[in-house]
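1. Predicted model, plus sequence, below.
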Amino acid sequence: MIENKRTKFWYLWKMDNQLLKEFKKALITQKKIVIIPHKNPDGDALGSSLALQAFLSKTGHNSQIITPNEYPEFLNWMPGQKKIKKFLDALDESIQTIKTADIIFTLDFNQLSRIDQLGPFVEKSNALKIMIDHHENPGDYASITFSDTTKGSTCEMVYELISHLDRDQIDEPIASCLYTGIMTDTGSFKFPTTTARTHQVVSKLIENGAQPHLINQKIYDTNSINRLRLLGTALKNLKKIENTPVVYITLSQKELNQNKFKKGDTEGFVNYGLSLKGILLAVIMIENENEKIIKISFRSKGSFDVNKFAKKYFSGGGHINAAGGMSSLTLDETVEQFIKVIAEEKSQFYG
Ligand code: 5GP
Ligand code: MN
């Protein structure tokens, strides 16, 4: 479906000729291009950004990736990541690059609030903005919006885009970046968004050089003793809300400090809750003293829509079965509020 929205083009994801024409038109001449993934970039955000950058570079376009903040250590092997600029480390330079950009790609997020302080600079910029994303409720800040909430990852969308433009350009680094994002965002091919097409795409990526066992090792076999101990603490803190299919985990700043917490250490902890028999919603609440917030992750099975839930109660969003949000209350108060709203929304589990 293509619909003209004010002066903007709005594309619900469909690989049609009109969309490709617009895209190609934008890239006909040399442009100053910036690529921005969401805050706390994960495998999908970084993988899609790096793959797009590598593809653009092979077709004669230089670009700069700017991340709103740090990314976890387990991603610092990804092909091309050394050239990434972190906004917080290079404020003036990043602002200047955004100001003078002709095109800004925003990858793996749906609202400018997801890139924190970078948001207002992107909003003000006169660049052509192109969103590629798979989250629910895409905002309308972009000139061209590629949104497909049925896709398990932005990397799968970038694969479709590249393969329609020039499939021969998919080399080993591009294949590895895309494989990483597809693997991490589908929970290693186990979430309901994993389709026959996902496996076809992954098969092509392997043919083009992605090595699943090595990528798996680089992402998942990088535990430190501290991280495993922190996981121990998290699992000890896991609690079930009686008479509901809900569990939650808390981690206080003190517990994080005791286990020498490093960015990315809590990635995936929430999924342990969902591995319990009969549990349909698992939540982790993590205190961040620095930002004075509690960061929350929600994972569900079946019809309980955590995107709606996170949006309604915890200033967040995401997907039906995986979402994030935050609270400005204390950790104890956040738990209390969570238990209260679960009591209100209990009927949703069996809807
Ligand atoms: P995670 O819990 O792993 O941080 O995020 C789960 C999913 O929800 C990801 O797709 C992520 O992009 C999205 N997400 C996480 N936090 C937020 C948030 O604060 N707001 C919105 N809109 N989405 C979020
Ligand atoms: Mn994603």
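-> Ah, there it is. Ligands and ions are numbered 1, 2, ... in the order given.
2. Any figure for the gap between the residue nearest to Leu118 when sequence neighbours are not counted and Leu52?
-> In space, and not counting its chain neighbours, Leu118 is closest to Pro68: 5.0 Å by Cβ to Cβ, 6 or more residues apart in numbering. (Each C-beta comes from the backbone N, C-alpha and C, glycine too.) As judged by Cβ to Cβ, to the nearest Å, Pro68 and Leu52 stand 17 Å apart.
3. Strands of the chain, start to end?
-> 2-5, 8-12, 33-37, 63-67, 85-86, 103-107, 128-133, 144-147, 239-241, 246-251, 281-288, 293-300, 317-318, 322-327 (DSSP state E).
4. list the contacts for Thr154?
-> Taking Cβ atoms under 8 Å, 6 or more residues apart in numbering, we find Thr154 in contact with 44-45, 48, 107-108, 132-134, 181, 185.
5. By neighbour count, which of the residues you listed wins?
-> Ser48 (33 neighbours; other Cβ atoms under 10 Å).
6. For the protein, give me the ranges with low pLDDT.
-> 1-17, 351 (pLDDT under 70).
7. what about the residue of it found nearest ligand 1, neighbour count?
-> At 2.1 Å from ligand 1, Gly324 is the closest residue in the chain, using Cβ to the nearest ligand atom. If you count neighbours by other Cβ under 10 Å, Gly324 ends up with 22.
8. again, but for the one 4 residues further on
-> Number of residues near Ser328 (other Cβ under 10 Å) recorded here: 11.
9. which residue sits closest to it, ignoring its sequence neighbours?
-> Ile293 (5.9 Å).
10. That neighbour pairs with what?
-> Beta-bridge pairing for Ile293 (DSSP bridges): Asn288.
11. for the one 4 residues further on, same thing?
-> Note on Ser297: beta-bridge partners Ile284, Gly324, judged by DSSP bridges.
12. Can you tell me how far it is from Gly278?
-> For Ser297 relative to Gly278 (Cβ to Cβ), the value is 20 Å.
13. Repeat that for Glu242.
-> From Glu242 to Gly278 the distance is 13 Å (Cβ to Cβ).
14. Kindly report the same for Pro37.
-> On the measure of Cβ to Cβ, Pro37 and Gly278 end up 36 Å apart.
15. Please say which of these two ends up with more neighbours.
-> Using other Cβ under 10 Å, the more surrounded residue of Pro37 and Gly278 is Pro37, with 29 against 7.
16. check contacts around the nearest residue to that one once chain neighbours are set aside.
-> Sequence neighbours aside, Ala45 is the residue nearest to Pro37 in space, at 3.5 Å (criterion: Cβ to Cβ, 6+ apart). Ala45 is in contact with 37-38, 107-109, 154, 181, counting by Cβ under 8 Å, 6+ apart.
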